[in-house]
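Engineer: Structure for this input, please:
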Amino acid sequence: MNRRRIGRTGVHVTELGFGSAPIGNLYAAVDDEQALATVDAAWQAGVRYFDTAPHYGLGLAERRLGRALASRPRAEYVISTKVGRLLVPNDDPRGTDLDSGFAVPDTLRRRLDYSPAGVRRSLEDSLTRLGVDHVDIALVHDPDLHVPQVIAETVPELLRMRDEGLVSAVGVGMNYWQPLAEIVDRCDVDAVMLAGRWTLLDRSGEPLLHRCAERGVSVLAAAPFNSGILARTEPGEGDTFDYAPVTEPVLRRARELAALCRAAGVELAHAALRFPLRRPEVASVVAGMASPDQVRLAARRVDEPIPDALWPRTRPAAPLPEGAFSRPPSP
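Structural biologist: So this is what the prediction gives:
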């Protein structure tokens, strides 16, 4: 599988990245055997970039990923994990963590902490769960209402950790492109992870891509299916867009894209995976995968070219109505 460089670092990621939230029991439980088989299938398919976070299953995804990769040569793969959420004992457990989307016992809880000490502790805890002595990419996780602190404290601490060799590349991951653009302008980051804003359907993050290209910052394009609607052969009213029921304007646009893909003899999900990679500043498209079959299908789609004639037709003739796509939260 092709690899692309992260910024100006020596880190190179495969064009398909393994998103580990599903093996952290996102929405439904996955047993250890299936989780390990899924990571193994990714390895066999040529995937060498694995993304995780403490948030995913209250550390379960990190522990499973670490076990699955323990026998692999460490120099052959890239891990990104995230900082900003410390896992601490839960004094009031209710049974499961499903309110946060994960089918795991809620014996732990997440505590937001973007301070230098919190970031260092978060990364050290992740290294323990993963069973490694360093991670290749450290990303600040969804600092939606904490961007000033991230610029002033969090990223500088990660840069110090980069100098110490604990991480090889530094970045920030969010669902919103506007704060990421500010961070790219003001911080010496190597990468940003943009979730759901540079997809076949939602291209609102394009200004950020231009900014990243100018500054030599790589983009990790996550959530290429916009939480599911682009994974369907025919999008329908029961589908979700960004983890919420799809609105009529967005559904209409998704159906138009599906029809264009059918006319070109291409599956909508195939186009959704290939689309982000058309931009050179995009280093990898990161997709959550819960089974070996999903892995093998995604790897095949990333490697299979799509007729160039399709892409100009998929660009919207006019923007969707204001508010059709998510906007940054208000402080």
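Engineer: Going by C-alpha atoms from here, please, whenever you check contacts or count neighbours.
Structural biologist: Fine.
Engineer: Assign Val132 to helix, strand or coil.
Structural biologist: Secondary structure, DSSP: H, G, I helix; E, B strand; the rest coil: Val132 is coil.
Engineer: Spatially nearest residue to it, not counting backbone neighbours?
Structural biologist: Using CA to CA, 6 or more residues apart in numbering and skipping the chain neighbours, the partner closest in space to Val132 is Gly66 (7.6 Å).
Engineer: Beyond the host helix or strand of the one you found, next helix or strand please.
Structural biologist: Using DSSP states H and E, Gly66 maps to helix 60-69. As assigned by DSSP H and E, the chain's next helix or strand after helix 60-69 is strand 78-83.
Engineer: Just the buried residues of the helix holding Gly66, please?
Structural biologist: Neighbour counts using 16 or more other CA atoms under 10 Å place Leu60, Ala61, Glu62, Arg63, Arg64, Leu65, Gly66, Arg67, Ala68, Leu69 of helix 60-69 among the buried residues.
Engineer: Including distance to Ile6 and pLDDT, could those residues go into a markdown table?
Structural biologist: Shown next, in a markdown table, are the buried residues of helix 60-69 (distance: CA to CA, whole Å; pLDDT from 0 to 100):
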| residue | distance to Ile6 | pLDDT |
| --- | --- | --- |
| Leu60 | 27 | 98 |
| Ala61 | 23 | 98 |
| Glu62 | 22 | 98 |
| Arg63 | 25 | 98 |
| Arg64 | 25 | 98 |
| Leu65 | 22 | 98 |
| Gly66 | 22 | 98 |
| Arg67 | 25 | 98 |
| Ala68 | 24 | 98 |
| Leu69 | 21 | 98 |
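Engineer: wouldn't Val219 be in contact with Arg279 here?
Structural biologist: No: using CA atoms under 8 Å, Val219 is not in contact with Arg279, being 9.4 Å away.
Engineer: More neighbours: the two, which one.
Structural biologist: Taking neighbours as other CA atoms under 10 Å, Val219 and Arg279 compare with Val219 leading, 29 against 12.
Engineer: Run through the bridge partners of Leu26.
Structural biologist: Phe102 (DSSP bridges).
Engineer: close enough to count as contact, it and Gly57?
Structural biologist: Yes: assessed by CA under 8 Å, Leu26 is found in contact with Gly57 at 7.0 Å.
Engineer: Comparing the two, which residue is more hemmed in?
Structural biologist: The residue with more neighbours, out of Leu26 and Gly57, is Gly57; 29 against 22, by other CA under 10 Å.
Engineer: I'd like to know how far the residue most central in space within the chain sits from Arg262.
Structural biologist: With distances taken as CA atoms, centre = their mean, Ala222 lies nearest the centre of the chain, 3.6 Å away. For Ala222, the distance to Arg262 equals 24 Å [CA to CA, to the nearest Å].
Engineer: can you give me the helices for the stretch 151-300 of the chain?
Structural biologist: 155-164, 177-186, 206-215, 248-263, 268-274, 292-303 (DSSP state H, counting those that start in this stretch).
Engineer: Can you add distance to Ser122 and mean pLDDT and give the ones you listed back as TSV?
Structural biologist: Below are the helices of the stretch 151-300 of the chain laid out as TSV (distance: least, CA to CA, whole Å; pLDDT from 0 to 100):
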stretch	distance to Ser122	mean pLDDT
helix 155-164	11	96
helix 177-186	21	97
helix 206-215	27	97
helix 248-263	37	95
helix 268-274	31	97
helix 292-303	29	96
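Engineer: who wins for proximity to Ala317 among the ones you listed?
Structural biologist: helix 248-263 (10.7 Å; CA to CA).
Engineer: mind exporting that closest one as PDB, just the C-alpha atoms?
Structural biologist: Extracted C-alpha coordinates of helix 248-263, given in PDB (Å, rounded to 0.1, in the frame of the first residue of the first chain):
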ATOM      1  CA  GLU A 248     -33.400  16.500   3.700                       C
ATOM      2  CA  PRO A 249     -30.900  18.700   1.900                       C
ATOM      3  CA  VAL A 250     -27.900  16.500   2.800                       C
ATOM      4  CA  LEU A 251     -29.800  13.300   1.900                       C
ATOM      5  CA  ARG A 252     -30.700  14.800  -1.500                       C
ATOM      6  CA  ARG A 253     -27.000  15.600  -2.100                       C
ATOM      7  CA  ALA A 254     -25.900  12.100  -1.000                       C
ATOM      8  CA  ARG A 255     -28.400  10.500  -3.400                       C
ATOM      9  CA  GLU A 256     -27.200  12.700  -6.200                       C
ATOM     10  CA  LEU A 257     -23.600  11.500  -5.500                       C
ATOM     11  CA  ALA A 258     -24.800   7.900  -5.400                       C
ATOM     12  CA  ALA A 259     -26.500   8.300  -8.800                       C
ATOM     13  CA  LEU A 260     -23.300   9.800 -10.300                       C
ATOM     14  CA  CYS A 261     -21.200   7.000  -9.000                       C
ATOM     15  CA  ARG A 262     -23.600   4.300 -10.300                       C
ATOM     16  CA  ALA A 263     -23.500   5.900 -13.800                       C
END
